[in-house]
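Q: Show me how the following folds:
(chains A and B)
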Amino acid sequence: MRIVVCIKQVPDSAEVRINPETNTLIRDGVPTIINPYDLHALEAGLQIRETAGGKVTVLTMGPPQAETALREAISMGADDAVLLTDRAFAGSDTWATAYTLSKAIEQIGADVILCGKQAIDGDTAQVGPEMAEFMDMPHISYIRKIVDVAADKLIVQRLMDDGYDVVETSLPVLLTVVKELNVPRLPSLKGKMAAKKAEIKKMSAADLKADEKNLGLNGSPTQVKNIFAPESKTDRTMLEGTPAEKIDTLVKELVGLKCI
Amino acid sequence: MYIKVKRELCTGCEACVQSCPYDAIVIKGAKAEITEMCQLCRACMSVCPEGAISEVKEATDEKETAQGRGVWVFAEQREGRIAGVSLELLGAGRGLAGKLGTELSAVLFGGTGHDALELIRWGADRVFHCDEASLQAFNDEPYAALLSKLITEQKPEIVLTGATPIGRSFFPRVAAKLRAGLTADCTSLEIDPETKNLLQVRPAFGGNIMATIFCPHARPQMATVRPRVMKRGTYDEARTGEIVKVSAKGIASRTKVVETVKEVSELAINLQDANIIVAGGRGMGSEKGFQLLLDLAEVLGASLAASRAAVDEGWIPYRHQVGQTGKTVSPKLYIACGISGAVQHLVGMQSSDIIIAINKNPDAPIFNVATYGIVGDANEIVPMLTKKIKEVKG
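A: Okay, here's the model as predicted:
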């Protein structure tokens, strides 16, 4: 089984704060991490390899620093890693990112492609399904359980708002996963050694034989017009008095607002 | 396009460095320099006190905008029930169509003729309806293939759906196929009065910033929209419109739904449609604490939600989780009990109409978004509140 896991290096958003004076993000000293959902995708890939055999390749697109994330994935057990890095990729939206990644996967070859359900910086959840369309293969999103893996088909549970669907698919297939799926393993000592020595394969736009007009900003149908800080509430009332008095006031207000 | 710093104007004040969400500006030789990390978000342009940062357009930027007319809403049905967000989008789509002087159409896969009629009563001028059995259950490939085919034939300029597990999963396939721009999880949609482009506002970085996205050239402009942020239009039983039957002939699927399993406790059903939500966090202390919340929820007819901390403790299943990695809700009333209010939780609930925060720590960030704040132990306050509401309701 050829397994490709797509990962993204993201700023640890739990650490990102807003400077209330300038309304800008404080990024000083904010560490970069592997997108948390992608760790669950990687764990799923490693588990499929354990039962079905084969090879797990991790793939990312980003600046040269993203190599750190790939080495971390190798320390967890991935066999090899590919970094797509080129100035031509800058400014990619989800369309151009998915196009670029899918060109790489066409060269790597894959039976199962795994992605986290979304990245915590952009939260779009679009790159996975878009890649599947570019590669003309089925995809299933929000996988919470892999029920059965066979050579030519897969049965999974897809999380929905009101429960889950059991879905069967042919291979090759792309899956995006939620964190209920598994508990990602920690890097092993052996893995860490391997990560140090591993050679990370780098690919540029030329290596991908990609159509230039589909890359980076030129290949991106969407553009960011501006960014701004979300509004915060200013009309807050802190209730005073004994607990009983606070509750009396609160319930009166709620009755007045027709909430009760 | 790219962003350029005019070196002769730059004073090296570093305002742009602070403003950049992507760490893409460095100071070299006391002047700012844009690195390849730049995502062209333009944040630096507005903060530069010298006006030294500008965008440079390239010749390839000016492409023809494909023509298109009409606003479309994909109406989602699951087991014969139309999603609430679809009706909200008919309300929002009506407004957008009005501003563009065009028509509003709905697209319905599965469901019945009665469902199609209901979409007209909720505001659609026309419904493209495919009622074939193969589309009753949701599969990404056939939904994407048929919607793409319809869009190619009819050329709408805007296509919207709810940011639900279904919409967020298959709309990207349609956008990929049609080379269309797709914006996820929008919280506001406007028409630019000059260019007539759709301006789409969405949260990013876990809600720490908001971004306005637009598609200058590609058509259609596609977006998924969060449930409960748009208002439903008016329901008019007398309203008439056209129902266009659509065939799914030749549309295949390599995935198959074998079984659909409902798996929700009574109080979590439609968290996103709930009018009142009672939510608990780490401050509830235990599963017993959540029993107190359940009592309150029952008195109010509310749904029960939780922060990630409480879910991670195992006090309540993941399905109840509200926040960045859970659900986004915006009920009329949200009662946050023992929730400190990490930004990841706030993004999932801060658009609620009225927020009541109960927390021991007077400095907890939850109070920053609260309408009413009570400093105190939720385990003590909640039972008193339940009792009082029971009395008032008689």
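
Q: List the contacts of the nearest residue in space to B:Arg121 that is not next to it in sequence.
A: With sequence-adjacent residues excluded and distances taken as C-beta to C-beta, 6 or more residues apart in numbering or on different chains, B:Arg121 is closest to B:Arg239, at 5.2 Å. Placement of C-beta: from N, CA and C, glycine included. Contacts for B:Arg239 (C-beta atoms under 8 Å, 6 or more residues apart in numbering or on different chains) come out as B:120-121, B:123.

Q: Repeat the analysis, applying 10 Å as the threshold.
A: Residues in contact with B:Arg239 (C-beta atoms under 10 Å, 6 or more residues apart in numbering or on different chains) are B:117, B:120-125.

Q: Looking at these, which are in helices?
A: Among the contacts of B:Arg239, the ones falling in helices (DSSP state H) are B:117, B:120-121.

Q: Quick check: closest non-adjacent residue to the spatially most central residue of chain B.
A: Nearest to the mean C-alpha position of chain B, by C-alpha atoms, centre = their mean, lies B:Arg226 at 2.1 Å. Of all residues not flanking B:Arg226 in the chain, B:Ala163 sits nearest, at 4.9 Å (C-beta to C-beta, 6+ apart).

Q: How many neighbouring residues does the one you found have?
A: Neighbourhood size, B:Ala163 [other C-beta atoms under 10 Å in any protein chain shown]: 24.

Q: that older thread, identify, from the contacts of B:Arg239, the entry nearest to B:Glu88.
A: B:Trp122 (9.4 Å; C-beta to C-beta).

Q: OK, now which residue of chain A is nearest to chain B?
A: Residue of chain A nearest chain B, by C-beta to the nearest C-beta: A:Pro221 (3.3 Å).

Q: so where do the helices sit in the stretch 151-260 of chain A?
A: Remark: helices assigned in the stretch 151-260 of chain A by DSSP state H, counting those that start in this stretch are A:189-197, A:205-208, A:243-256.

Q: how close does the spatially closest residue to A:Leu215 that is not a sequence neighbour sit to B:Met37?
A: Leaving aside its sequence neighbours, A:Leu215 sits nearest to A:Ala88 (C-beta to C-beta, 6+ apart; 5.0 Å). For A:Ala88, the distance to B:Met37 equals 14 Å [C-beta to C-beta, to the nearest Å].

Q: Which one's more surrounded, these two?
A: A:Ala88 (21 against 15).

Q: hang on, that one in a helix?
A: Yes. Counting by DSSP: H, G, I helix; E, B strand; the rest coil, A:Ala88 is located in a helix.

Q: Report the contact partners of it.
A: A:96, A:100, A:204-206, A:208, A:210, A:212, A:215-219, B:36.

Q: got it, and B:Ala24?
A: A:63, A:90, B:3, B:16-17, B:33-41, B:43-44.

Q: The residue nearest to B:Arg121 is in what secondary structure piece?
A: If you go by DSSP states H and E, B:Arg239 is not part of any helix or strand.

Q: From chain A, how far out is it?
A: 29 Å (C-beta to the nearest C-beta, to the nearest Å).

Q: low-confidence ranges in the stretch 151-300 of chain B?
A: B:206-208, B:264-269 (pLDDT under 70).

Q: can you rerun that using 80?
A: B:204-209, B:228, B:263-270, B:272-273 (pLDDT under 80).

Q: do the same with chain A
A: A:13-30, A:227-235.

Q: which helix is the longest one in it?
A: Max-length helix for chain A by DSSP H is helix A:36-52.

Q: list the buried ones in that helix?
A: A:36-49 (16 or more other C-beta atoms under 10 Å in any protein chain shown).

Q: Could you pull up phi and psi at B:Gly162?
A: Dihedral pair for B:Gly162: phi -70, psi 150, per degrees, to the nearest 10.

Q: Number of residues surrounding it?
A: Counted with other C-beta under 10 Å, residues neighbouring B:Gly162 total 27.

Q: My guess is it contacts B:Val73. True?
A: Yes. Between B:Gly162 and B:Val73 there is a contact at 9.1 Å, judged by C-beta atoms under 10 Å.

Q: list residues touching both of the two?
A: What both B:Gly162 and B:Val73 touch, as defined by C-beta under 10 Å, 6+ apart, is the set B:85-89, B:225.

Q: Top of those residues by number of neighbours, please.
A: B:Leu89 (34 neighbours).

Q: doesn't that residue fall inside a helix?
A: Yes. Under three-state DSSP, B:Leu89 falls within a helix.

Q: correct me, but it touches B:Ala83?
A: Yes. Applying C-beta under 10 Å, one finds B:Leu89 in contact with B:Ala83, separated by 9.3 Å.

Q: what residues do these two have in common as contacts?
A: Joint contacts of B:Leu89 and B:Ala83 (C-beta under 10 Å, 6+ apart) are B:74-76, B:161-162, B:167, B:227.

Q: With that, I have no additional questions.
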